[in-house]
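[1] Build the 3D model from these lines:
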Amino acid sequence: MAGHEFTSARSPRIKGARRLAKRAFRQRERRFLAEGPQAVREALAAPGGVHELFTTAEAAQRHADLADAAHARGIPVHRVSLEVMAELAQTVTPQGLLAVCDFVDVGLADVGEIRLAAVLSHVRDPGNAGTVVRTADAAGADVVVFTDASVDPYNGKCVRASAGSLFHLPIVVGVPVVEAVAHLRAAGARVFAADGGGERDLHAVADSGGLDGPVGWVFGNEAWGLPEETVALTDGAVSVPIYGSAESLNLATAAAVCLYTTARQQRAGAPAAGHAGGA
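    Model prediction:
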């Protein structure tokens, strides 16, 4: 670790990192901030993922492996005071590590084979969006598409909610929903709209074999769901069954149920033959 410590938020290097909290600067520089040891660890594991790393002295000692990994890759590591870290961080209680990362999104045509996909259409809450990315990663999805009307995946809250999964699977940004659905269909996938008022029950669709092959899910806005014209692009609206008295599920929870149900069906095979041996 170099001896110099940044103690002023007015330093040009600190100011350059701070402005990435704003979307306009992120878009212009195609860089974003990843905060905390989990995000930094996953960013360092991704090829070419980190541009520079900021750390407090205490965090550098606690997470020496991460600082060492950055040094080994020739990534600049800057020590900053607690006050400067508080200016850089976007959390109330900073964890002392913050990386400036290059954008990770790819073009839709570059994704490759798609067995399971999540499309976020008009999803505006960054916490929900980041949680869907994390869930899609855990469920083994091949891509998450942020349509042109959805939140920026590089929003600080979205990055934190993804818990490092932003660096694990292809992320596509800024694609119209009609283009995303058309691409999934061309890839041989059935595409369903997740909607609380859907005429078909998720479990009924699964039991009929509708989720056995490649599947794309379109998830809508937290407050008003999906418009009719978007549902019309898909193979129909599917609802998660509510067995208790809850009025509905929130977006991230509904997405988790849809993605995991699909992943299970795809791994089990056809319903008539897929029971034996599965966990």
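
[2] all helices of the stretch 51-200 of the chain, in order?
    Listed in chain order, the helices found in the stretch 51-200 of the chain under DSSP state H, counting those that start in this stretch are 57-62, 64-72, 82-88, 126-138, 156-162, 177-186.

[3] Which among these is found nearest to L249?
    Nearest to L249, of all these, is helix 126-138, at 11.6 Å by C-beta to C-beta. C-betas here are computed from N, CA, C, even on glycine.

[4] Buried residues in stretch 186-194, which are they?
    A187, A189, R190, V191, F192, A193, A194 (16 or more other C-beta atoms under 10 Å).

[5] Now the helix or strand harbouring R267: buried residues?
    Per DSSP states H and E: R267 is located in helix 251-268. Of the residues in helix 251-268, 251-252, 254-259, 261-263, 265-266, 268 count as buried by neighbour count, 16+ other C-beta under 10 Å.

[6] Is it possible to get CSV of these that adds pLDDT and distance to Q27?
    Shown next, in CSV, are the buried residues of helix 251-268 (pLDDT from 0 to 100; distance: C-beta to C-beta, whole Å):
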residue, pLDDT, distance to Q27
L251, 93, 25
A252, 94, 25
A254, 95, 30
A255, 96, 26
A256, 97, 30
V257, 97, 33
C258, 98, 30
L259, 98, 28
T261, 97, 35
T262, 98, 32
A263, 97, 33
Q265, 95, 38
Q266, 95, 35
A268, 86, 42
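
[7] Mean pLDDT per helix and strand in this structure: which one sits at the bottom?
    Within the chain, no helix or strand scores below strand 5-6, which has a mean of 87 by mean pLDDT, DSSP states H and E.

[8] Can you tell me what sits against that strand?
    Outside strand 5-6, the residues within contact range by C-beta atoms under 8 Å, 6 or more residues apart in numbering are R13, I14, F54, A57, H78, R79, V80, S81, V84.

[9] I'm done for today, thanks for sticking with me.
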